[in-house]
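Student: Generate coordinates for the sequence data below:
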Amino acid sequence: MPRRAIAIALIVTQAVLGLSGCVSVKATGTRTVPGPGGGVSVQVFADDDARRAKKPGPSGVLGELDRREGREWMPVFRSLDPTWAVAGLPAGRYRLRVPARLDEAGNVVRIDEKAAELKVQEGQVTEAEIVLKHVNTGAVVVGVVAVVIAAVLLHEWLKDHDLPEPPRPPEDLLEAIVWVSVELHPSPGWNGPADRKPPMVTSHFPAERALVAARRPRIVVAFSEPLQAGELEPAGVTVLAEKGGLVPGLLSYDQERWWVVWQPQADLPGDDTIHVTVAADAVEDLAGNEMESPVSFAFATAR
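Tutor: Numbers count the residues shown, from 1 in each chain. As a prediction, the model looks like this:
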């Protein structure tokens, strides 16, 4: 094979391998929303097939929404859910990022960060999607056949992304929308006297009804705004196994991500259902507001 052909083959193969597993973040459209301000709705897809099938997932992928304030990007909202929406946002420039995910044990795994700028307008929700993986590397093999397959895959990938057919968010997505104050402060968090909104749980890990194989998974509860680390109630999170009873653990606050994290002091009982309850007075936001009501969810452990 001529050197030029070999070089082209290597370039094409490397290009396809580079696209594999590549995270993409992009806006896909807008829709109207009642109430003051605008909003953003997000769906996470494992790959292009899941996107075309309109099947969001998995959970545990950290999506972060920032607002442009002067020369800085200020955090506005975070979620670990595969579908989430936030409204009550002032019109302006925003940025959607995907800096990390959680593994099966709840540990933070950083990924190659991708981001997209979004424009939020009054009375409009900007729709966006995150695709975690594109080309299947299993289809790429070494040799001339691999180059042909890689070229076809590359062509199909480019064709798919030049003429996308983005799915519509589920009709009930906006029913679960999280409303934030339109009086956002040009500094991290909501620490002014205008903040009367209670902190809200935006997502959690493990997800509701998830099956967890890890014996000592970190339980992560994500909030809608920064919390006062010194006001975290050690007994504010209760973990109860249906067969094994109360499970002892340690509670901490991840200030960077607005997460309350519970870590078991021993292995969770296997083949059991675990109920997690976050008490209403477990946390306070920077203005001293507590949650309006407790939050509970449950997951199962493997044998």
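
Student: Where does pLDDT dip in the stretch 1-150 of the chain?
Tutor: 1-21, 134-150 (pLDDT under 70).

Student: hey, where'd the helices end up in it?
Tutor: Applying DSSP state H, counting those that start in this stretch to the stretch 1-150 of the chain gives helices spanning 3-19, 48-53, 144-162.

Student: Looks like residue 41 contacts residue 82 (just checking).
Tutor: No. The pair residue 41 / residue 82 is not scored as a contact, 12.0 Å apart, by C-beta atoms under 8 Å. Heads up, the C-betas are built off the backbone N, CA and C, glycines and all.

Student: and stretch 289-300, what's its mean pLDDT?
Tutor: Mean pLDDT, stretch 289-300: 96.

Student: any residues touching it, and which ones?
Tutor: Outside stretch 289-300, the residues that touch it by C-beta atoms under 8 Å, 6 or more residues apart in numbering are 195-201, 204, 206-212, 221, 272-284.

Student: Buried ones among those residues?
Tutor: 195, 197-201, 204, 206-207, 210, 212, 221, 272, 274, 276, 278-279, 282-284 (16 or more other C-beta atoms under 10 Å).

Student: Skipping adjacent residues, who's closest to residue 40 in space?
Tutor: Once flanking residues are discounted, residue 40 sits nearest to residue 126: 5.1 Å by C-beta to C-beta, 6 or more residues apart in numbering.

Student: What residues of stretch 236-251 count as buried?
Tutor: Buried, per 16+ other C-beta under 10 Å, within stretch 236-251: 236, 237, 238, 239, 240, 241, 244, 247, 249, 251.

Student: Need the residues you listed in a markdown table (columns: secondary structure and distance to residue 95).
Tutor: Listed next are the buried residues of stretch 236-251 as a markdown table, based on DSSP: H, G, I helix; E, B strand; the rest coil; distance: C-beta to C-beta, whole Å:
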| residue | secondary structure | distance to residue 95 |
| --- | --- | --- |
| 236 | coil | 32 |
| 237 | strand | 31 |
| 238 | strand | 36 |
| 239 | strand | 35 |
| 240 | strand | 39 |
| 241 | strand | 40 |
| 244 | coil | 43 |
| 247 | coil | 38 |
| 249 | strand | 35 |
| 251 | strand | 31 |
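
Student: which one among those gets closest to residue 36?
Tutor: residue 236 (32.2 Å; C-beta to C-beta).

Student: residues in contact with that closest one?
Tutor: 251, 260, 278, 279, 281, 282, 283.

Student: all strands for the stretch 201-303 of the chain, in order.
Tutor: Counting by DSSP state E, counting those that start in this stretch, the segments of the stretch 201-303 of the chain that form strands are 201-205, 211-212, 219-223, 237-241, 245-246, 249-254, 259-264, 273-278, 295-301.

Student: Which one of those strands lies nearest to residue 36?
Tutor: strand 201-205 (20.1 Å).

Student: Give the pairing partners of the closest one; include direction for each.
Tutor: strand 219-223 (antiparallel) (DSSP bridges).
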